[in-house]
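*Asks:* model the following, please.
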Amino acid sequence: MSEELKKEQITYLNFLTRSYEGVTKLIAQTKQRILSMPGETPTAEFDDLLKSHTATTGKVDGLETVKNRISREIDKTLKDWQIWTEWLVKIPGLGPYLGAKLIILFYVKFVPVCKHCNGPVEREDGAMICQDCGEAAKGDGLLQYRADEKDFATISKWWAYMGRHTVDGVMPKRKKGEVANWSTPGRTLGFHIGDQFNRQKSDHPYKALLIDRKKKHERNHEDWSKGHIHNAAKNETVKIFLAHFWTVARTMQGKPVSEPYAGALMGHTNIIKPFYWEDPKNC
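*Replies:* Residues are numbered from 1 along each chain as shown. This is a model prediction of the structure:
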């Protein structure tokens, strides 16, 4: 299938990732509650909450089993996406959940719509009002959404949306009373991707890149702390990976790709081509 907007698939994929996040959060909260129980640290008596077990009525799934089942369903759904099957799946550390979140954030925007006329709904004076018919969305339960296609014409716009741009040399932080112009889920996803790359062996291309950036900062910024150096190198690695994602995605879509992005924007003398991918134009 071509890399076009697939509304039904993307809506289902979004449902799966949100469910995965919900179960993951519940598992973490459950483990914390178990550790806070009085007496000795509980073990087997609470395992049934987290792992599968057999009850009198048959096999019962624990939370971790449910999480793994959702992950497998995400993986199955991702097979409709060329950028997953031909590139992302090959990158160690990027599992189905991270791949799905990247696809959702890059390709679509979920817009709340009016149940009466399908027009866009926006917040006005504390209420959700349809911009076409003027109807308020109150009293109708959960909002409905439509999936609109996104188009990041440049890498800098993609970086900015993912919260990886810089203001006065640093990534911006949220300010009280101001609406951020970047995606909080996108910023968080970048941190998760950076952590995954950092856990890989040194021969992993993105881990090797992270190590190289750390060495460069150690040479050029002797006044920086180890934590500052590590975070700066990890952020730069994530930015290069996101640039690679942008390049591969737009190439697959047949859209123009601007170069040289790495040399102009990341301070590299040579363009760093996407790892684990062969551009069909160069084959």
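*Asks:* what's the burial count for the spatially closest residue to Lys79 that is not a sequence neighbour?
*Replies:* Leaving aside its sequence neighbours, Lys79 sits nearest to Thr85 (Cβ to Cβ, 6 or more residues apart in numbering; 6.0 Å). C-betas here are computed from N, CA, C, even on glycine. Thr85 has 13 neighbours, counted by other Cβ atoms under 10 Å.
*Asks:* right, and Thr85 touches Asp75 too?
*Replies:* No - using Cβ atoms under 8 Å as the test, Thr85 is too far from Asp75 to be in contact (10.5 Å).
*Asks:* how about the strands in the stretch 51-200 of the chain?
*Replies:* 53-55, 58-60, 108-113, 121-124, 127-130, 144-149 (DSSP state E, counting those that start in this stretch).
*Asks:* nearest to Asn14, of those strands?
*Replies:* Between Asn14 and those, the shortest gap by Cβ to Cβ is with strand 108-113, which sits at 7.0 Å.
*Asks:* measure how far the closest one is from the centre of its chain, please.
*Replies:* Strand 108-113 has its C-alpha centroid displaced from the chain centroid by 17 Å (Cα atoms, centre = their mean, to the nearest Å).
*Asks:* could you list every helix and strand in contact with it?
*Replies:* strand 121-124, strand 144-149 (3 or more Cβ pairs under 8 Å, 6 or more residues apart in numbering; DSSP states H and E).
*Asks:* which of the residues in it are buried?
*Replies:* Buried residues in strand 108-113, counted by 16 or more other Cβ atoms under 10 Å: Val108, Pro112, Val113.
*Asks:* hmm, Asp148 and the last one touching each other?
*Replies:* Same thing as Val113. No - at 10.0 Å, Val113 does not count as touching Asp148 under the criterion of Cβ under 8 Å.
*Asks:* related to what we said a few turns ago, would you turn the helices and strands packed on strand 108-113 into a markdown table with mean neighbour count and mean pLDDT?
*Replies:* Output for the helices and strands packed on strand 108-113, formatted as a markdown table (neighbours: other Cβ atoms under 10 Å; pLDDT from 0 to 100):
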| stretch | mean neighbour count | mean pLDDT |
| --- | --- | --- |
| strand 121-124 | 14 | 72 |
| strand 144-149 | 14 | 79 |
